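Participant: Build me a model from this:
(2 chains)
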Amino acid sequence: MRKLLATLLVVIVCPALFAQNFWYDYPYVNGQMRDSTWAKRFVMGEGSFAYGCDGVSNEFMTNLYQGGYMDSAFMEKSAATLLPKNRFGVQTTLGIMYSQHVKDTSGESWSLALKSKNNITGTFSDDAFRLAFQGNTRFKGEEADFSRTRFTSMSWTQLQFGYTTPQPNGTVSFAFSLLAGHRYNQADIEYGKLYTDSQGLNLTSSVSADYWSSDTANTSAFALNGIGTSVDISWIWWDLLPRGNFHMVRFDLIDFGFINWNNKTIHQYVDTSFEWSGVDVTPYFLDPNYVAELPEENDFIKSDTTEFHRSIFLPSVARAMYTRWFCVSRVMLKAQVAVPMWSEAIPYGALTTGWRADEFMVSGGIAYGGYGRLQVPLKAEIYALRQTCLEVGTTNALSLFNPSALAAGGAFVKFSYAF
Amino acid sequence: MKRLKSAFFAGILGLLFVVSCRRDDPSWDLDLTAPIAYGSLSINDILDDSITCEGADGSLRVCYRATVPGINADTLFNIPDTTLRNAYAWPFIPGTLSPNQTLISNQPTQTTYQLQSAQLLYGILERGRAKVHFKNDMMCPMLVTYVLQSATINNVPATISYVVPAAPSNTVPSTMDVELDLTGYEIDFTGLNGDRVNTLVTIFSISVDNSAPGSTPVNNQDSVVVDITFEDIRPSYVRGYFGSETIEIGPEETYVDFFSKVQSGSLGLDSITMTFTLENYAGIDARFTVNNLWSRRAATSQTVNLNHSLIGQPVNINRAAYSFSYPPSIPSIYSWTFNNANSNIVDMFEVMPDFLGYDFSLWTNPLGNVSGNNDFIYTQFGINAYIDVDMPVNFYADQILLVDTLDVDFGLDNHHDVKEANLKLFIGNSFPFSANIELYFLDENNNLLDQVVASPGLVASAPLTFLNGYYFSNGATQSLLTIPLNESQTGQMFHSHHIVMKARFDTGASTNPNFVKIFTTNRLDFNLTADFEYNVN
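Facilitator: Here you go, the predicted structure:
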């Protein structure tokens, strides 16, 4: 039975992190360690970052992040994998959590967690990428379409109160969070086209775009520019199987909520069509003092500086997971499907397998979706004295070994301590 | 356990390192295409509308008028600023003054101007003013009246009458300044008895003002002085005899700008007509001589004098007559035409002059005062002279080099981000001649920036039709000039403050010296675009 409980500890606590909220994000609700039957309190800490883009390679993302010169051949190679519509996302999280049983080590529990999150998401067309990274010369005689290009960046701090109650063969957890929004930027090009004449004689463009930003006068890392709430719900059911095995079904709703950015949020928009054929210098030949007028930014950018609130949904995930253990709960097979919301990502699916020994466990699998395409997550876990669990892993090992693979990568580390 | 904790913290630190480690900025090159400038150039854009006109067949002509300084009233006479002084000084023996006591009563004075040989009888002032300065040593207020008897308006003479305040002490006089506007006054220059010329009559009176407080002691040499200065006297009409004088007009040159942008080359002109016109609106006889007319091109120091029978031959100019309407006089008009047949006028203009020179002599009243002092002149209508040039733009050109300079300010502080560039000049030419285009970039001190000389490029002539002895275009050709600039040259371009454009036109004159005819519809349409590599950092 001790082995089984240890297995449950592994199953419920650690793999949940590995499972990601289509990457890795694990809901900090209490109870995940309740099967450490002797312990009444738990402390956890984690740090992680993850990124993904289904249109460009890891190598491109790495160069963009690390800096340095990217030549035209590299850009051409990077553009070769673009989709008509591409998505990207970057997420970082730092957090700590404390959890405690209410009465004894097998009953209901509560938790308190503090997390700092940064989220960058967006979509862009292949033409938008080529305009931004290769220029418009390649579009001579063609129309570059950069419509539906969107970029959203948010950072916030989350104070989460959780409650878990045991159910027959499972648990139900609920968490309520107060959110402090720090920074928010969003650029949304709903419609954007640029036609470059085949001989470069004129440029014709139509653009309809919006830009929002939280208070530009208050940009410190922990500036309070918005407040919000979110909820997390987790339902877990398991059942023992013959020969010391068991299986588990789990449903999660993660970070379902919003932030209401305050009335210092600014809005700018562009809704214009223009044609540029250069400066008309004909009058110059008659009047050497003639000064050609270039169009000014204000001629086509109308800034709406009215202060107003803007509410934004958090990037959320609904997830379903089934886990089956074999070989006296030494071998694991797991399938999960995650549906991201308000995050530009596509549904994420993963199949993973793992092997567990007494003091450690390794696991790996294949995944598809989210912000990337094919991904190979890997994770290692170490347990000690039934009190401690350390997990390290990557969301995509391909990023380490194959730079030309499509961009998806990340690393996470988590420490859990029961006492 | 310790090892686990160490691993944990190492992991956390490693994560923080990955997230927050210092990075370089990424950079890459963009291949950008952008239109830079465009324009449409016709002869009308090079030459001012005011000097071009259109022939009956739509062909272009240069119609230029150069005004030559003629003869006006200032040339014939000039009324200088003049100050007259009227004064009263108390005799040597001290005495007293009583209210209303008269010191000078209606004392007339005649002042005669020296106006060269002119003898003026009558005039109407277009403008002018009398500035009067009073000084009173007497310790009582004095009434000073100054009447400019010769200047009247509606038959009322100009009068200045003021009470000059009492001197505040024996040693400090009181002073006062007043001004009288003389605009519109009629001036009778004939004096008190109507028998003089150039003469003004003034009447001066001084008395003790009735506001004086009884008897006022007065000392030796106490005085009342009135200085009256006539300033800026400018008549609009004058009658009299303006003398018999020879007036030299010139030698002077007037600038003509229709060849100003031509730097070199040779030009063959089909025909040209120059007309010299003299309009005499003055009531004065004259004898006029054109001593010389010439053209000069400064750059080549070429001067061509006009050969024509008029040169050096005096011409009698009759006086104008009163019209009693507007203009107020009926002019005597004389004109002389110089053309291919009677002069070397074509030679004068084939040097592509930037100056036309003239040297005239005008002898006024060569027969003396035959009008009996009835010469007249309205100062706005003197003797006017001007030169009209009528030049059909039919020519042949051999390597005519037009140069124009554009001041530019690219306003790109980060021009270093622009690497290679490829400038493309698309030109549509409907002129009946070809052109070689060159671009030069100069710094703010007009120094040529090396290595930035654009490759000479040929703009092909429009398709030509030969009719009635002239070539003219019947369409347009399209040409593309490519100017590749390496990174260094691109930097030089963005450093430049002036772009010099040189266009070398050629009608094939060296092999086929036929004239081409230019129409107002002929144009050079151009678009300048750039393909350049821009580094994003």
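Participant: Only C-alpha atoms from now on, for both contacts and neighbour counts.
Facilitator: OK.
Participant: any idea how far A:Thr149 lies from A:Ile120?
Facilitator: 14 Å (CA to CA, to the nearest Å).
Participant: Poorly predicted segments of the chain, please.
Facilitator: You didn't say which chain, so I picked chain A. A:1-38, A:104-106, A:283-307 (pLDDT under 70).
Participant: that answer is for a different chain, and I need it for chain B
Facilitator: Looking at chain B by pLDDT under 70, you get B:1-23, B:44-48, B:70-71, B:410-416, B:450-456, B:509-510, B:512-513.
Participant: Could I get the contacting residues of the residue of it found nearest chain A?
Facilitator: Nearest to chain A, among the residues of chain B, is B:Pro26, at 3.6 Å (CA to the nearest CA). Neighbouring residues of B:Pro26 by CA atoms under 8 Å, 6 or more residues apart in numbering or on different chains: A:63-70, B:537.
Participant: which strand residues sit across from it in the sheet?
Facilitator: A:Gly68 (DSSP bridges).
Participant: Among the contacts of B:Pro26, name the buried ones.
Facilitator: Buried by 16 or more other CA atoms under 10 Å in any protein chain shown: A:63-64, A:67, A:69-70, out of the contacts of B:Pro26.
Participant: got a list of contacts for stretch B:492-510?
Facilitator: Identification of contacts with stretch B:492-510 by CA under 8 Å, 6+ apart yields B:396-410, B:412, B:415, B:432-444, B:446, B:449, B:452, B:513, B:516.
Participant: my bad, stretch B:223-238
Facilitator: Residues contacting stretch B:223-238 (CA under 8 Å, 6+ apart): B:79-90, B:120-138, B:376-380.
Participant: ok, which stretches of the stretch 1-150 of chain A are strands?
Facilitator: A:41-57, A:68-70, A:85-101, A:109-125, A:142-145, A:149-167 (DSSP state E, counting those that start in this stretch).
Participant: Point out the most buried one among those strands.
Facilitator: Scoring the strands of the stretch 1-150 of chain A by mean neighbour count under mean count of other CA atoms under 10 Å in any protein chain shown gives strand A:41-57 as the most buried, with a mean of 24.
Participant: anything in it sitting right up against chain B?
Facilitator: Yes. Interface with chain B: strand A:41-57 contributes A:46-49 (CA under 8 Å from any CA of the partner chain).
Participant: if I look at A:Val317, how far off is chain B?
Facilitator: 24 Å (CA to the nearest CA, to the nearest Å).
Participant: And for A:Thr352?
Facilitator: The separation that A:Thr352 has from chain B, given CA to the nearest CA, amounts to 24 Å.
Participant: element containing that residue, please.
Facilitator: strand A:346-356 (DSSP states H and E).
Participant: Counting by contacts, list what that strand packs against.
Facilitator: strand A:331-341, strand A:360-370 (3 or more CA pairs under 8 Å, 6 or more residues apart in numbering or on different chains; DSSP states H and E).
Participant: so how far is the first one from its chain's centroid?
Facilitator: Centroid separation for strand A:331-341 versus its chain: 16 Å, with CA atoms, centre = their mean, to the nearest Å.
Participant: and what of stretch A:147-167?
Facilitator: 10 Å.
Participant: can you map out the strands along the stretch 251-400 of chain B?
Facilitator: Taking DSSP E, counting those that start in this stretch, the strands of the stretch 251-400 of chain B run over residues B:262-269, B:273-280, B:286-297, B:302-305, B:314-317, B:321-322, B:329-330, B:332-338, B:355-364, B:375-378, B:383-392, B:394-407.
Participant: List, one by one, the residues from the stretch 1-150 of chain A near chain B.
Facilitator: Near chain B, when you scan the stretch 1-150 of chain A using CA under 8 Å from any CA, you find A:46-49, A:63-72, A:132-138.
Participant: now do 7 Å
Facilitator: A:47-48, A:63-64, A:66-72, A:133-137 (CA under 7 Å from any CA of the partner chain).
Participant: Could you pull up the residues touching residue 219?
Facilitator: If you meant another chain, say so; for now it's chain A. Shown in contact with A:Thr219 (CA atoms under 7 Å, 6 or more residues apart in numbering or on different chains): A:Arg183.
Participant: my question was about chain B
Facilitator: B:94-95.
Participant: Not counting residues beside it along the chain, what's closest to A:Trp212?
Facilitator: Ranked by CA to CA, 6 or more residues apart in numbering or on different chains and with sequence neighbours excluded, the top spatial neighbour of A:Trp212 is A:His267, at 4.6 Å.
Participant: Just give me the neighbour total for the one you found.
Facilitator: Other residues lying near A:His267 total 20 when counted by other CA atoms under 10 Å in any protein chain shown.
Participant: Just say helix, strand or coil for it.
Facilitator: Of the three states, A:His267 takes strand under DSSP: H, G, I helix; E, B strand; the rest coil.
Participant: my guess is it meets A:Asp215, correct?
Facilitator: No. Judged on CA atoms under 7 Å, A:His267 makes no contact with A:Asp215 at a distance of 10.5 Å.
Participant: and the strands of the stretch 251-400 of chain B as JSON lines, adding mean neighbour count and distance to chain A?
Facilitator: Formatted as JSON lines, the strands of the stretch 251-400 of chain B follow (neighbours: other CA atoms under 10 Å in any protein chain shown; distance: least, CA to the nearest CA, whole Å):
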{"stretch": "strand B:262-269", "mean neighbour count": "18", "distance to chain A": "14"}
{"stretch": "strand B:273-280", "mean neighbour count": "20", "distance to chain A": "25"}
{"stretch": "strand B:286-297", "mean neighbour count": "20", "distance to chain A": "22"}
{"stretch": "strand B:302-305", "mean neighbour count": "17", "distance to chain A": "27"}
{"stretch": "strand B:314-317", "mean neighbour count": "17", "distance to chain A": "40"}
{"stretch": "strand B:321-322", "mean neighbour count": "17", "distance to chain A": "43"}
{"stretch": "strand B:329-330", "mean neighbour count": "20", "distance to chain A": "39"}
{"stretch": "strand B:332-338", "mean neighbour count": "16", "distance to chain A": "30"}
{"stretch": "strand B:355-364", "mean neighbour count": "20", "distance to chain A": "20"}
{"stretch": "strand B:375-378", "mean neighbour count": "26", "distance to chain A": "37"}
{"stretch": "strand B:383-392", "mean neighbour count": "20", "distance to chain A": "20"}
{"stretch": "strand B:394-407", "mean neighbour count": "20", "distance to chain A": "7"}
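Participant: That's all I had, so thanks and see you.
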